[in-house]
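In: sequence and predicted structure below; questions after.
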Number of protein chains: 4
Amino acid sequence: MFAGEYCNRNVSIIGRGDSIVKAAKLMREHHVGDLLVVESRNGERAPIGIITDRDIVVEVIAEEADMNEIVIEDVMSYKLITAHENDDLMNTIKRMRVNGVRRIPVVNQAGGLVGILSIDDILDVITEQLMDIDQIIVNEQKKEREIRPIISHH
Amino acid sequence: MFAGEYCNRNVSIIGRGDSIVKAAKLMREHHVGDLLVVESRNGERAPIGIITDRDIVVEVIAEEADMNEIVIEDVMSYKLITAHENDDLMNTIKRMRVNGVRRIPVVNQAGGLVGILSIDDILDVITEQLMDIDQIIVNEQKKEREIRPIISHH
Amino acid sequence: MFAGEYCNRNVSIIGRGDSIVKAAKLMREHHVGDLLVVESRNGERAPIGIITDRDIVVEVIAEEADMNEIVIEDVMSYKLITAHENDDLMNTIKRMRVNGVRRIPVVNQAGGLVGILSIDDILDVITEQLMDIDQIIVNEQKKEREIRPIISHH
Amino acid sequence: MFAGEYCNRNVSIIGRGDSIVKAAKLMREHHVGDLLVVESRNGERAPIGIITDRDIVVEVIAEEADMNEIVIEDVMSYKLITAHENDDLMNTIKRMRVNGVRRIPVVNQAGGLVGILSIDDILDVITEQLMDIDQIIVNEQKKEREIRPIISHH
């Protein structure tokens, strides 16, 4: 179970020099709450930051900043934590926990963007595992009914 | 969420004077791992003990006891913990935790047997809750797509 | 297990006529992503809507609306779904699922605000239940070690 | 996340020619519900079957078989499903589901026994993941409190 298997590969991106309004429009059109800020490096789209709908509200609107003077790189966090696509899923969850991040960009060997792994994706995995456990119990009983039919009375 | 709502009402029962072999046959025929030992009290079937397949192995066979001389009440545990059907599910789980029991008989006001609540039943509930959470996230996004169609470009 | 037991009673509120900037400032200061819009009814604070950081981004900024002309009631959703504090938790989760809402205000008999129940609160409950199940298994083995010491070899 | 990382390496074993009483005694002494039947192959202990406390009850006692004439290989299942220690955990769970088995022996490249993976072990993993998700949410809020102190009122 690797980060690259469970991340969402459908990522909405934006550039560091783009406007806050453009970010808001993308969030609305793509029905997402976060955008990955990427730049081109060696032909790969390298993630350099994340901007969320919350960042816009608390960094721009709450500060009464002039929306037309602010661009993505003024707001986004620079301490971006990334996971490698071959990173173990459990280790990646631990790193998200330590760093208190609900989502982590996943990159390939060349540093290029592969996808983004969020706690919603991990909840999906956990739910699937728990449904499997639940079904193992059901299937075990079903199997027993088949291989151990009613005992003969002799 | 009450113990009586989530317990399994399909309980296999046995009497305190019945033989170990009868218990084993019932466990085989009913495809269950435990039997509730009940006795009649005021017209209700009152649970007085539980006997599991494991009890038979470790108390009878491991001890090389004579199976024809041993009856249920020689083996069953007498310190039976029960839950009331109107007990809160979370409190019941806590009591199972404190007492280290994987299953607990559920009784009505008169002390009569209603069913048995096992950790398998509780796993069922947890799985359902987690599937609901997972689906809330999916439905929220679906709803947003409906109420917030693509923004018009003016 | 009732909605009122598990909801968060620490709710940040705002009035329908308040400004978007005030909402953003409250979200920043209180470290929350949503505010409950309330109005006074019969001496109770009755919830009439919710506004989230996301609403501000997609309804105000993405639409390039003039922030100084827009107040909370222009943006908030009016189809507010609420839960009663005595509502069964499982039923409340089902209603959240059907309506695709990540959070639901919880009210008392008089319609006054008690708290807000979010999927984060429900995840807390699920995690606690699963930890209890896990511990039941550990405690059962511990108990067996105590009541069934090493068999005597005769 | 691999089967070999999460399996229990503390396995109780028995030989195919051993008696049912010996199995019961081991189950009692080791506080386990199942024993792995192994035989020596190329210097490795290769698993060839599993016997559970339940097997003893339904195959031996319910059948009123003579306990002194029955040995392990008369009772154990021969269709043993095993997992490789480098098998993906999720795939292993799926195989347990399809085959309706609550536990699966884990072997190394040479076919030697590494451990046994049970649904109790998997529940442990799921619980840990869910606790991590829960803690990510708490840590994210804590982090926000640190990096976004109360806004200055100008």
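Out: The structure has been received and is ready for your questions.
In: so A:G33 is in contact with A:D55, correct?
Out: No. Proximity of A:G33 to A:D55 does not meet the contact threshold set by CB atoms under 8 Å, at 10.1 Å. For the C-beta atoms, the positions are set from N, CA and C on the backbone; glycine is no exception.
In: skipping its backbone neighbours, what lies nearest A:L35 in space?
Out: Nearest non-adjacent residue to A:L35, counting by CB to CB, 6 or more residues apart in numbering or on different chains: A:I14, 4.4 Å away.
In: and that neighbour, how many neighbours?
Out: 21 (other CB atoms under 10 Å in any protein chain shown).
In: now do the contacts for it.
Out: Neighbour list for A:I14: A:22-23, A:26, A:35-38, A:51, A:72 [criterion: CB atoms under 8 Å, 6 or more residues apart in numbering or on different chains].
In: got a PyMOL select line for the buried ones in those residues?
Out: In PyMOL syntax, the buried subset of the contacts of A:I14 is picked out as below (16 or more other CB atoms under 10 Å in any protein chain shown):
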select buried, chain A and resi 23+26+35+36+37+38+51+72
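In: just the contacts of A:I14: which are in helices?
Out: In helices, judged by DSSP state H, the following of the contacts of A:I14 are found: A:22-23, A:26, A:72.
In: now the two most distant members of those residues.
Out: A:L26 and A:I72 (10.7 Å; CB to CB).
In: about what we covered before: would you reformat the contacts of A:I14 as TSV and include pLDDT?
Out: Below are those laid out as TSV (pLDDT from 0 to 100):
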residue	pLDDT
A:K22	96
A:A23	96
A:L26	96
A:L35	96
A:L36	96
A:V37	96
A:V38	95
A:I51	95
A:I72	95
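In: and which of the contacts of A:I14 is nearest B:S77?
Out: Checking the contacts of A:I14 against B:S77 with CB to CB, the nearest one is A:L36 at 58.3 Å.
In: correct me if wrong: that closest one contacts A:I116.
Out: Yes. Between A:L36 and A:I116 there is a contact at 6.4 Å, judged by CB under 8 Å.
In: shared neighbours, the two?
Out: Residues touching both A:L36 and A:I116 (CB under 8 Å, 6+ apart) are A:11, A:105.
In: for the longest helix anywhere in chain A, which positions count as buried?
Out: If you go by DSSP H, chain A has its longest helix at helix A:119-147. For helix A:119-147, burial by neighbour count (16+ other CB under 10 Å) applies to A:119-127, A:129-137, A:139-140, A:144.
In: now that helix against helix C:119-147, angle please.
Out: 50 degrees (axes from the mean of the first three to the mean of the last three CA atoms, to 10 degrees).
In: now the strands: where do they sit in chain A?
Out: A:13-14, A:34-41, A:44-52, A:83-84, A:103-107, A:113-118 (DSSP state E).
In: nearest to C:L80, of those?
Out: Of all the strands of chain A, strand A:44-52 sits nearest to C:L80, with 24.7 Å by CB to CB.
In: on contacts alone, who are the packing partners of that closest one?
Out: If contacts are counted by 3 or more CB pairs under 8 Å, 6 or more residues apart in numbering or on different chains; DSSP states H and E, strand A:44-52 sits against strand A:34-41, helix A:72-75, strand A:103-107, strand A:113-118.
In: mind running it again at 6 Å?
Out: On a contact count with 3 or more CB pairs under 6 Å, 6 or more residues apart in numbering or on different chains; DSSP states H and E, strand A:44-52 meets strand A:34-41.
In: the strand it packs on pairs with which strands?
Out: Strand pairing for strand A:34-41, determined by DSSP bridges: strand A:13-14 (parallel), strand A:44-52 (antiparallel).
In: leaving out chain neighbours, which residue sits closest to A:E85?
Out: Once flanking residues are discounted, A:E85 sits nearest to A:G4: 2.9 Å by CB to CB, 6+ apart.
In: need the contact list for that neighbour.
Out: Residues in contact with A:G4 (CB atoms under 6 Å, 6 or more residues apart in numbering or on different chains) are A:85, A:106, A:114.
In: of these, closest to A:M67?
Out: If you rank the contacts of A:G4 by distance to A:M67 using CB to CB, A:V106 comes first, at 31.0 Å.
In: what about the closest one, neighbour count?
Out: Neighbours of A:V106 (other CB under 10 Å): 27.
In: for chain A, what lies in contact range of chain C?
Out: Residues of chain A lying close to chain C (CB under 6 Å from any CB of the partner chain) are A:24-25, A:27-28, A:53-54, A:56-58, A:61-62.
In: so which of the strands paired with strand A:34-41 gets nearest B:I81?
Out: strand A:44-52 (48.4 Å).
In: got the angle between the closest one and strand A:103-107?
Out: Calculated by the same axes, to 10 degrees, strand A:44-52 forms an angle of 180 degrees with strand A:103-107.
In: hmm, who's touching strand A:44-52?
Out: Strand A:44-52 has contacts (CB under 6 Å, 6+ apart) with A:23, A:33-39, A:72, A:76-77, A:80, A:105, A:110-113.
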